[in-house]
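Undergrad: Got a predicted model here, sequence first, then my questions.
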Amino acid sequence: MDSLKKIISLNQASKISGYTQDYLGFLIRKGEIKGMKKGRAWFTTEEEVKNYLFKKKVRHEEFAIKDFFSPTRTRNIIIATIIVFIGGFFILSNLNKSRSVPVSEIQSAVTSDGEGVKVITN
């Protein structure tokens, strides 16, 4: 606690941070925030509270990125992609089967200019 003029009570710190006084006291005892106890009251600095909030925000963003690229999520995306492609393949192959007409006989013929042609009869 370098500067005495920047020292604030946990009541003031709770208004800045949005945390309860009890939680801020817990953070001080845990060593997450620098602070001191005078009598029954805990004190810290506004700078310490703001630093803690900034560190917490940065940590949250790091975990969010790690969660986004987690092995479990990546595996689930790959599995879902495979299922979609296989399902799409079967759907498209069944659509083509319903449009096809069975061929009973294919005959070959030769045109007058000598080209070969196949004649399909049903």
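TA: Structure's in. What do you need?
Undergrad: got a pLDDT number for the residue most central in space within the chain?
TA: For the chain, residue 68 is the residue whose C-alpha lies nearest the centre (Cα atoms, centre = their mean; 3.5 Å). With respect to pLDDT, residue 68 scores 74.
Undergrad: what does residue 61 give?
TA: 70.
Undergrad: Am I right that it is in a strand?
TA: No. Counting by DSSP: H, G, I helix; E, B strand; the rest coil, residue 61 is not found in a strand; it is helix.
Undergrad: Now do it: how many residues are near it, please.
TA: 10 (other Cβ atoms under 10 Å). C-beta: built from backbone N, CA, C; applies to glycine.
Undergrad: and if you look at residue 53?
TA: Neighbours of residue 53 (other Cβ under 10 Å): 15.
Undergrad: The one 3 residues further on too?
TA: A count of neighbours around residue 56, defined by other Cβ under 10 Å, yields 12.
Undergrad: That one and residue 90, how far apart?
TA: In this view, residue 56 and residue 90 are 49 Å apart by Cβ to Cβ, to the nearest Å.
Undergrad: Perfect, I'm done here.
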